[in-house]
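J.: Would you be able to build a 3D model of this:
(one chain, ligands or ions: 1)
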Amino acid sequence: MYHLKHNFSLKSNNTFGISANAKHYLTVDSPEDLILFFRENNPEKNEERLFLGAGSNLLFVTDFNGIIIRPEIVGIDLISEDNDVAVVEAGAGVVWDHFVDWCVERGFGGVENLSLIPGNVGAVPVQNIGAYGVEAESVVAEVKGIDLDILECKSFNHSECQFGYRTSLFKAVLKERFMVTSVIFNLTKQPEFHLEYGALKTEVLKLGKINLRNIRKAVILIRESKLPDPSKVGNAGSFFKNPIVPEAIGNVLKNNYPDMPVYHAGAGLVKIAAGWLIEKAGWKGKSVGNSAVHDKQALVIINKEGATGKEIFKLSEMVVKDVLKKFNIALEREVLVIGNQQASFGEPK
Ligand SMILES: Cc1cc2nc3c(=O)[nH]c(=O)nc-3n(C[C@H](O)[C@H](O)[C@H](O)COP(=O)(O)OP(=O)(O)OC[C@H]3O[C@@H](n4cnc5c(N)ncnc54)[C@H](O)[C@@H]3O)c2cc1C
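T.: Have a look, this model is predicted:
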């Protein structure tokens, strides 16, 4: 089935809790229904589109003057299993953390470090979500969906997905063209645990044995202690990406700021903690109107109450400007800004 609504309020469809409306809002509960809708209604070819999951990585700065499409395709199916591997398909509308729980309860490893990341399965390969030393690309075997430009079902195997740091083929070349309808995951029944990141191993050992359940519990405990719960305080997790720079630049910065956290990021490259840069630029805990940089985690911008998307965007611009001035590093937003911010604010200074 499909349902189409008009002038639809998105306030409860984005974790920032921003008031914005969509001109058209379509929900579908199967891939066939999406194709049916497009055949029956023939929406304007150049109408702006946005695929929406749980809205946990978006910032609406204006109303959305096009069609939002939300797949509500649910269901988790075990496709095959042997002694080593379980192959599982999950619908785009499945809540990601329900999927993680489902896997952990069955002893299927690979996603436990990604516990409690908000959002739905459909966005997982798009964003190539990551946490605690693991990225979704390590378990995604195949991504199925619909190419809306030609109204055809298509699937991409792992090597075709062009995964990168919080990006993929679906976020770049096929953005707003290919809607993910389900994802096939290769999970392991002989798990290799990834406990190198931060205090994860210590937290797991406090709970007892190293196993999938305790890793999931420890990740949840750490996340709950550090990150604001979007059901209580509007936010979209990390607002900025951790910048990746050539090693030579990293070395110069490290000389000037010996306590700067720097991580290896592939041949000749290093990753710098954006939260640290923002804190040192003096922004941790600072407010602008109803928006603020979180006082525990400077990478997160929050809606204190009643903030507009424009206010939050403006705060992010001020942070970018100050980090650039102090460190000569241009922060890039991880959150997708939706709406015409140039028209709203003029050229960023
Ligand atoms: C408190 C908090 C903590 C977070 N922590 C992390 C973290 O540790 N690691 C991390 O990686 N992320 C994190 N995030 C960001 C967010 O949870 C992820 O990016 C998540 O995958 C977004 O899922 P969503 O369903 O909400 O997608 P949305 O925000 O609705 O959409 C995100 C992007 O994916 C596209 N998209 C969504 N569904 C589809 C689909 N079916 N087909 C094609 N495109 C689609 C959208 O068009 C958009 O470009 C955090 C967010 C919050 C609020």
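J.: Only C-alpha atoms from now on, for both contacts and neighbour counts.
T.: Fine.
J.: measure Asn65 to Asn41 for me?
T.: 18 Å (C-alpha to C-alpha, to the nearest Å).
J.: who's more crowded, the two?
T.: Comparing Asn65 with Asn41 by other C-alpha atoms under 10 Å, the one with more neighbours is Asn65, at 15 against 8.
J.: Tell me the confidence at the more buried one?
T.: Looking at Asn65, its pLDDT is 95.
J.: Quick check: residues of this structure near the ligand?
T.: Residues of the chain found near the ligand (C-alpha under 6 Å from any ligand atom) are 15, 50-58, 71, 92, 117-120, 122-124, 126-127, 129-131, 178-181, 227-230, 235-237.
J.: longest single helix anywhere in this structure?
T.: Ranked by residue count and defined by DSSP state H, the top helix of the chain is helix 309-327.
J.: gap between the helix or strand following it and the chain center?
T.: Sequence-wise, the next helix or strand downstream of helix 309-327 (DSSP states H and E) is strand 336-338. What separates the centre of strand 336-338 from the centre of its chain is 12 Å, taken as C-alpha atoms, centre = their mean, to the nearest Å.
J.: strands paired with strand 336-338, and their directions?
T.: The pairing partners recorded for strand 336-338 under DSSP bridges are strand 58-60 (parallel).
J.: for the strand it pairs with, what is the average pLDDT?
T.: Rounded mean pLDDT across strand 58-60 is 98.
J.: same check, this time on stretch 2-10
T.: In this model, stretch 2-10 has an average pLDDT of 97.
J.: Okay, buried residues for it please.
T.: Tyr2, Phe8, Ser9, Leu10 (16 or more other C-alpha atoms under 10 Å).
J.: cool, and stretch 194-205?
T.: Within stretch 194-205, the residues that qualify as buried are Leu195, Leu200, Lys201, Glu203, Val204, counting by 16+ other C-alpha under 10 Å.
J.: Tell me which two in the residues you listed are the farthest apart.
T.: Leu195 and Glu203 (9.7 Å; C-alpha to C-alpha).
J.: Against which helices or strands is the longest helix of the chain packed?
T.: Helices and strands touching helix 309-327, by 3 or more C-alpha pairs under 8 Å, 6 or more residues apart in numbering; DSSP states H and E, are helix 274-280, strand 291-293, strand 300-303.
J.: Just put the buried residues of stretch 194-205 in CSV and tack on distance to Glu105, secondary structure and pLDDT.
T.: Converted to CSV, those look like this (distance: C-alpha to C-alpha, whole Å; DSSP: H, G, I helix; E, B strand; the rest coil; pLDDT from 0 to 100):
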residue, distance to Glu105, secondary structure, pLDDT
Leu195, 19, coil, 97
Leu200, 20, helix, 96
Lys201, 20, helix, 97
Glu203, 20, helix, 97
Val204, 17, helix, 98
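J.: Which of the residues you listed sits closest to the ligand?
T.: Taking C-alpha to the nearest ligand atom as the measure, the ligand lies nearest Leu200 of the buried residues of stretch 194-205, at 13.7 Å.
J.: Using CSV, write out every CA atom in the longest helix of the chain.
T.: Extracted in CSV, the C-alpha atoms of helix 309-327 (Å, rounded to 0.1, in the frame of the first residue of the first chain):
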residue,chain,number,x,y,z
GLY,A,309,16.7,24.9,11.6
LYS,A,310,18.1,28.3,10.6
GLU,A,311,19.3,29.0,14.1
ILE,A,312,21.0,25.6,14.3
PHE,A,313,22.6,26.1,10.9
LYS,A,314,23.8,29.6,11.9
LEU,A,315,25.5,28.2,15.0
SER,A,316,27.2,25.5,12.9
GLU,A,317,28.5,28.3,10.5
MET,A,318,30.0,30.1,13.5
VAL,A,319,31.7,26.9,14.7
VAL,A,320,33.1,26.2,11.2
LYS,A,321,34.4,29.8,10.9
ASP,A,322,36.2,29.7,14.3
VAL,A,323,37.8,26.3,13.8
LEU,A,324,39.0,27.4,10.4
LYS,A,325,40.5,30.6,11.9
LYS,A,326,42.2,28.8,14.8
PHE,A,327,43.4,25.5,13.1
